[in-house]
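> need a 3D model of the following:
(one chain, ligands or ions: 1)
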Amino acid sequence: MKLTLIPFLAVLAAGPALADNFDEIKLQAGQALFEKECRRCHAVGSQDPSYGPPLENVVGRAAGSVVDYDYSIALEASGIVWTPAALRAWLEDNDGFMPGTKMRHVGIEDRTVQDFILFYLTSISDVAGNKAISD
Ligand code: HEC
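The predicted structure follows:
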């Protein structure tokens, strides 16, 4: 009994540490992908100049709601909220998802790449359960 319990406890002890490492790696991958695919047009915060709207807090935000940004009519009138599912559709085929948007076509179909980018976007958004990641 004692012998089988010890490895079990060891796994329990390693669990949270492993999860933290994975989150850190996912965050780094997401950030690298953001830098490569999005950053030339998007800043994170509104204090930094960017051609596209800043993406801080984008997860859970109403589309077209950054006050000072000059959106296309299509995006402004879309009435959608940037849920993870909507962001996934946007990453996959933004102008197919929303004809008339002025964001140049981005066709990220690889679900794993989408996952990492979403992980990063969540980390820069003030959504429930996200505190540990954004700190
Ligand atoms: C070539 C420039 C460019 C690139 C690259 C780009 N975007 Fe955009 N993005 C824009 C522009 C311009 C808009 C505003 C579109 C509109 O008003 O129709 C926009 C809008 C958005 C919005 C809507 C935000 C809101 O406030 O409603 C999201 C979300 C978004 N982009 C995410 C991304 C992500 C994630 C990437 C990288 C995978 C990316 N974009 C790459 C230019 C770009």
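
> interface residues of this protein facing the ligand?
37-38, 40-42, 51-53, 55, 58, 63-64, 66, 71-72, 74-75, 82, 87, 90-91, 101-104, 106, 108, 117 (Cβ under 6 Å from any ligand atom). The way it works is simple: take the backbone N, C-alpha and C, and place the C-beta from them, glycine included.

> only whichever of those are buried, select them in PyMOL.
In PyMOL, this line selects whichever of the residues of the chain next to the ligand come out buried by 16 or more other Cβ atoms under 10 Å:
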select buried, resi 38+42+52+53+55+58+63+64+66+71+74+75+82+87+90+91+101+103+108+117
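
> is the residue positioned nearest the centre of the chain in a helix, a strand, or coil?
Centroid check for the chain by Cα atoms, centre = their mean gives residue 121 as the closest residue, at 2.2 Å. Classification of residue 121 by DSSP: H, G, I helix; E, B strand; the rest coil places it in helix.

> tell me the contacts of it?
The contact partners of residue 121, by Cβ atoms under 8 Å, 6 or more residues apart in numbering, come to 30, 34, 55, 58, 59, 87.
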